[in-house]
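**Student:** Compute the structure for the input listed below.
(4 chains)
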Number of protein chains: 2
Amino acid sequence: MAEPADIAQVRTFNRFYTRIIGLLEEGMHQTLHTLSEARVIYELDKAGTTTSAMVAETLGMDRAQLSRLVGKLVSQDIVAVLPRAGDKRSVPLALTREGREVAKHFNAMSDAKAAETLLDPLTPFEQRDLVGAMRRISALLAEPEDATLVLRPPRVGEIGWLIHRQAVLYHLEQGWNGEFETLITRIYADFEAAPGTQGKQLWVAEIEGEVAGSVFVLPAEDGEEGTAQLRMLYVEPMFRGRGIGARLVAEAITFAKASGYKRIMLWTQDCLASARSIYQKAGFVLAQEERHHSFGADLNGQYWVLEF
Amino acid sequence: MAEPADIAQVRTFNRFYTRIIGLLEEGMHQTLHTLSEARVIYELDKAGTTTSAMVAETLGMDRAQLSRLVGKLVSQDIVAVLPRAGDKRSVPLALTREGREVAKHFNAMSDAKAAETLLDPLTPFEQRDLVGAMRRISALLAEPEDATLVLRPPRVGEIGWLIHRQAVLYHLEQGWNGEFETLITRIYADFEAAPGTQGKQLWVAEIEGEVAGSVFVLPAEDGEEGTAQLRMLYVEPMFRGRGIGARLVAEAITFAKASGYKRIMLWTQDCLASARSIYQKAGFVLAQEERHHSFGADLNGQYWVLEF
DNA sequence: AGCATTCAGTTGTCAAAGTCAACTATTTCA
DNA sequence: TGAAATAGTTGACTTTGACAACTGAATGCT
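**Tutor:** Have a look, this model is predicted:
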């Protein structure tokens, strides 16, 4: 079981947010429809065509309750019952033209209410924080769905973010201490300081607005002429198993080739097993190994090279 | 009004979390008490002694409903009505011994439910993320209350965090670009690289588990012997106006004196008005000014010095 | 093919939750 | 001092939610 302090924080948040949701729902009292009617209408609007069972599932409502509610909405000419097709147990439902009007109205109302209650009182910086935290919670708790992966250059603030994330991640996963954060702060500072844009690039992997991973390429510090170095490859645990690491490495290799490098090398630790398998599959070959004590741990450093 | 994309994200989150809360509340159906009874019992347990009106306020419940509910709980010997004192309109309420037992039981149940539904399926890293995001949302949306301010050394990951936060903050507040982030990444890397612990220290201001601000002191780069430099003072917008900046500066000055420095200097920009007023109040004197173009903006750099 | 099981949806029955207005006894404040 | 506000109660009512029993259709198993 989780840490008591964490559980306490989660419960505090749940109580707090229950209250917030209550406040937001108060706005609905003005309308001709009840709250659960509005919810059903919203679901139908979003889904286009669904069945009663689907709505009950996503809303967590009782099927009996929903049955009556749908009946009411049908009699009000807001919901239309389509002819049964395929599975003749279920009845396809859709909004009528009027229903879509009502949905539009509800959406506008809810948007306004959410904006004025939650966002407007905050500064833009705080708004960004709030939205970011919400996106994070959704990403952590919702079922992962296939969202598009984007590789792009870093935005302002993301260098710090990458340092932060990797420092915490390897601290928890590998037990590495602050020395690691110190090292990577320098590594990122050096990357930024490296001259020009020729031959160096950093990619941020983004999924649904979240940073899902990153890597960068720059001229190797002390290698032969024409050697690129791949550094700071990492994938957020939340987004692992979707081939993001391989995508990042592939992108880096493509870039290194296009930039005229003759080979690309990297330094990693053998305890990072999933990274190693990505390098192997990408064609990297183990060139050298050496034991060292860093970041408060006994490590086995490995140099991997891919000749083009 | 806020950005449509932000509003959409907030609404998505609200729908999502409404569902989550519904799932968590399902566990209550096993108990002898109803959900709102449990809520009231929880509130009374937490508050010790309150009145009906207070509970109605914090729970967002109807006073009529609560009146009947309290009546029921009193007849079940879970809640005791204390003799009216002071304001004779209101009736002080408290849990009986039995009520406290029930509350204890509820808490254990809710804790278990929250843990197994939300925390246990996640890795420790993700758990930390989740709790952090929840704490952030609470801090952003709840009324600020006087919580204790702690000044402490940075934890693993916080150097990156400080870089990230300041880069985003000044990007949004002052329009500074990535150059600023590049610069401060280097500054923090240099701080970490500076020799020994004598004469250098970094403080993180923490409020309710959130980083509220930070500053550090190290030997001045190119000053005379015995000169300390104060750098990277910042306070989170959310926590401004509570004297955190002044506390950080005071701590830094005390430290610099105790470390044997003869004076302390700092470099800032005159557009950072609230910081300037903190320096002035702490006794710093403007030593030099120079215009420069940095971070994509025309700035007026200022050197301030405090001789001990 | 035959039969038990599962699933979508409906209906009946209740209990609980929530809304609204009217009312008393205090307290506050102009 | 008197009008307005506050804490709490009571009555009348609607909506929500829970649960069991039921029909008709699909699925799975042997």
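**Student:** All the strands of the stretch 51-200 of chain A, residue numbers only.
**Tutor:** In the stretch 51-200 of chain A, the strands defined using DSSP state E, counting those that start in this stretch lie at A:79-81, A:92-95, A:149-152.
**Student:** Could you give the number of residues near the nearest residue to A:Arg39 once chain neighbours are set aside?
**Tutor:** Excluding the flanking residues, the one nearest A:Arg39 by Cβ to Cβ, 6 or more residues apart in numbering or on different chains is A:Leu59, at 5.7 Å. C-betas here are computed from N, CA, C, even on glycine. Applying other Cβ atoms under 10 Å in any protein chain shown, we find 19 residues neighbouring A:Leu59.
**Student:** A:Leu59 contacts A:Ala38, doesn't it?
**Tutor:** No. Assessed by Cβ atoms under 8 Å, A:Leu59 is found out of contact with A:Ala38, at 11.0 Å.
**Student:** Columns mean pLDDT and mean neighbour count on top of the strands of the stretch 51-200 of chain A, output as TSV?
**Tutor:** Shown next, in TSV, are the strands of the stretch 51-200 of chain A (pLDDT from 0 to 100; neighbours: other Cβ atoms under 10 Å in any protein chain shown):
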stretch	mean pLDDT	mean neighbour count
strand A:79-81	91	17
strand A:92-95	92	20
strand A:149-152	97	15
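**Student:** okay if I get these as a markdown table plus distance to A:Met1?
**Tutor:** Formatted as a markdown table, these follow (distance: least, Cβ to Cβ, whole Å):
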| stretch | distance to A:Met1 |
| --- | --- |
| strand A:79-81 | 44 |
| strand A:92-95 | 42 |
| strand A:149-152 | 34 |
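**Student:** Tell me which of those strands sits nearest to B:Met109.
**Tutor:** strand A:92-95 (36.7 Å; Cβ to Cβ).
**Student:** Of all the strands of the stretch 51-200 of chain A, which one is nearest A:Gly48?
**Tutor:** Proximity to A:Gly48, assessed across those by Cβ to Cβ, is greatest for strand A:92-95 (6.8 Å).
**Student:** Packing partners of that closest one?
**Tutor:** Counting by 3 or more Cβ pairs under 8 Å, 6 or more residues apart in numbering or on different chains; DSSP states H and E, the packing neighbours recorded for strand A:92-95 are helix A:35-47, strand A:49-51, strand A:79-81.
**Student:** near DNA strand D at all, it?
**Tutor:** No. Strand A:92-95 does not reach DNA strand D (Cβ under 7 Å from any atom of the strand); its nearest approach is 12.9 Å.
**Student:** Return the distance of that strand from the chain's centre.
**Tutor:** Centroid separation for strand A:92-95 versus its chain: 32 Å, with Cα atoms, centre = their mean, to the nearest Å.
**Student:** do stretch A:155-169 as well
**Tutor:** Worked out by Cα atoms, centre = their mean, stretch A:155-169 lies 15 Å from the chain centre.
**Student:** Does chain B have contacts with that stretch?
**Tutor:** Yes. Using Cβ under 8 Å from any Cβ of the partner chain, stretch A:155-169 reaches chain B at A:156-169.
**Student:** Which residue ranges make up the domains of chain A?
**Tutor:** Following automatic domain parsing, one finds the domains of chain A at A:4-121, A:149-307.
**Student:** ok, and which of those domains has the densest surroundings?
**Tutor:** domain A:149-307 (a mean of 18; mean count of other Cβ atoms under 10 Å in any protein chain shown).
**Student:** Could you give the separation between the terminal residues of that one?
**Tutor:** 28 Å (Cα to Cα, to the nearest Å).
**Student:** now the helices: where do they sit in the stretch 1-150 of chain A?
**Tutor:** Applying DSSP state H, counting those that start in this stretch to the stretch 1-150 of chain A gives helices spanning A:4-26, A:35-47, A:52-59, A:63-75, A:97-114, A:124-141.
**Student:** who wins for proximity to B:Arg247 among the ones you listed?
**Tutor:** Comparing these by Cβ to Cβ, helix A:124-141 comes nearest, at 21.5 Å.
**Student:** which SSE is A:Tyr234 in?
**Tutor:** strand A:227-235 (DSSP states H and E).
**Student:** so what strands line up beside that strand?
**Tutor:** In the sheet, strand A:227-235 lines up against strand A:210-219 (antiparallel), strand A:263-269 (parallel) (DSSP bridges).
**Student:** Give the next helix or strand downstream of the shortest one.
**Tutor:** Next helix or strand after strand A:263-269 toward the C-terminus (DSSP H and E): helix A:273-281.
**Student:** Which strand residues bridge A:Gln288?
**Tutor:** Here A:Gln288, judged by DSSP bridges, has bridge partners A:Tyr303.
**Student:** Tell me how far it lies from chain B.
**Tutor:** With distances taken as Cβ to the nearest Cβ, to the nearest Å, A:Gln288 is found 26 Å from chain B.
**Student:** How confident was the prediction at the residue of the stretch 201-308 of chain A found nearest DNA strand D?
**Tutor:** Residue of the stretch 201-308 of chain A nearest DNA strand D, by Cβ to the nearest atom of the strand: A:Gly241 (27.3 Å). Model confidence at A:Gly241, given as pLDDT, is 90.
**Student:** Next up, phi/psi of it, please.
**Tutor:** phi 80, psi 20 (degrees, to the nearest 10).
**Student:** and it, what does it touch?
**Tutor:** By Cβ atoms under 8 Å, 6 or more residues apart in numbering or on different chains, no residues touch A:Gly241.
**Student:** and what of A:Ala112?
**Tutor:** Per Cβ under 8 Å, 6+ apart, neighbours of A:Ala112: B:Met1.
**Student:** That one and DNA strand D, how far apart?
**Tutor:** 21 Å (Cβ to the nearest atom of the strand, to the nearest Å).
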